[in-house]
Each structure stands twice: as C-alpha cells, then as structure tokens.
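**Q** Provide a 3D model corresponding to the input given below.
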Amino acid sequence: MSPSLINTPLSTENHLLVVVTALPDVDAAKGLARVLIDENLAACVQLGSNIQSIYRWEGKLCEEQEVLLSAKTLASKWQEILSVIQKNHPYELPEILAFSPEQYSQQYGDWVQAEVNKA
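**A** Down below sits the predicted model:
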C-alpha cells in the first residue's frame, strides 16, 4: 500500500514550504537553524556543507564555499520565517528562496504542521 500524498494549491496556508538560504559557515547555519526550530518556524532544518557558490557582487566575480540551509515549514509561516532569516543572516543581501512541493506524504505534512503550530 502506498502512502497518502497531498497535492494542494500553493495558496493554502497549511501547504508545505521549503525555505532555502546559503550561509558562510557551519556555525552561522547552525545558529540560524536553532533559531528557526526554537521559534517553531520550521519543523526540520537540514544543512548541506561544501556548497560552492560563484556569483557577481558589486561588479566583482566571487567564489565562496557556503553552507546551504533548507527549512521545512508551512506557507502560513512565510512572512515570519523571512523576517527572522533577514534579521539573523550575516549577509547584506541573503538569498532567501521558498519552494512549494506539489506532492509530499500526508504523514510528513501532518508532522510539519504539528511542529510549527506548537504553542
């Protein structure tokens, strides 16, 4: 028997959202991850190290090693999580992207919802 999948319109407040940002090092990423979890803005935060970023900033070509942070939350938490990341991020202009998966398991979605809606 296959697990139940959710396929919900993106505007739904309880729809799963994956928020991604890159940070300069593991310590900065862990610090931000803990804030997101402590404030019930994310149910799970994953960190991927050894990310190589190449970009242009203020006319200069930059190559940096970064840590990618991926936070699982709900669409209803978008404004709050955006604000917390902006407030706690060390970059002048942080990359903050949000993706809404079209499908995910019902059980995982329920767990994320329960975690971020804790009082």
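**Q** got the buried residues for the longest helix seen in the chain?
**A** As assigned by DSSP state H, the longest helix anywhere in the chain is helix 26-38. The neighbour-count check on helix 26-38 (16 or more other Cβ atoms under 10 Å) flags Ala28, Ala29, Leu32, Ala33, Val35, Leu36, Ile37 as buried. For every residue, glycine as well, the C-beta is placed using N, CA and C.
**Q** Quick one: the strands in the chain, in order.
**A** Taking DSSP state E as the criterion, the chain carries its strands at 5-6, 16-23, 44-57, 60-74, 97-99, 104-105.
**Q** Nearest to Tyr91, out of the ones you listed?
**A** Closest to Tyr91 of these, according to Cβ to Cβ: strand 16-23, at 7.8 Å.
**Q** what packs against that closest one?
**A** Counting contacts by 3 or more Cβ pairs under 8 Å, 6 or more residues apart in numbering; DSSP states H and E, strand 16-23 packs against helix 26-38, strand 60-74, helix 78-88, strand 97-99, helix 106-116.
**Q** and the ones you listed as TSV, adding distance to Ser53 and mean pLDDT?
**A** Converted to TSV, those look like this (distance: least, Cβ to Cβ, whole Å; pLDDT from 0 to 100):
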stretch	distance to Ser53	mean pLDDT
helix 26-38	13	98
strand 60-74	5	97
helix 78-88	17	96
strand 97-99	13	96
helix 106-116	28	94
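**Q** I'd like the ones you listed laid out as TSV, including distance to Ser49.
**A** Below are the helices and strands packed on strand 16-23 laid out as TSV (distance: least, Cβ to Cβ, whole Å):
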stretch	distance to Ser49
helix 26-38	6
strand 60-74	5
helix 78-88	18
strand 97-99	18
helix 106-116	24
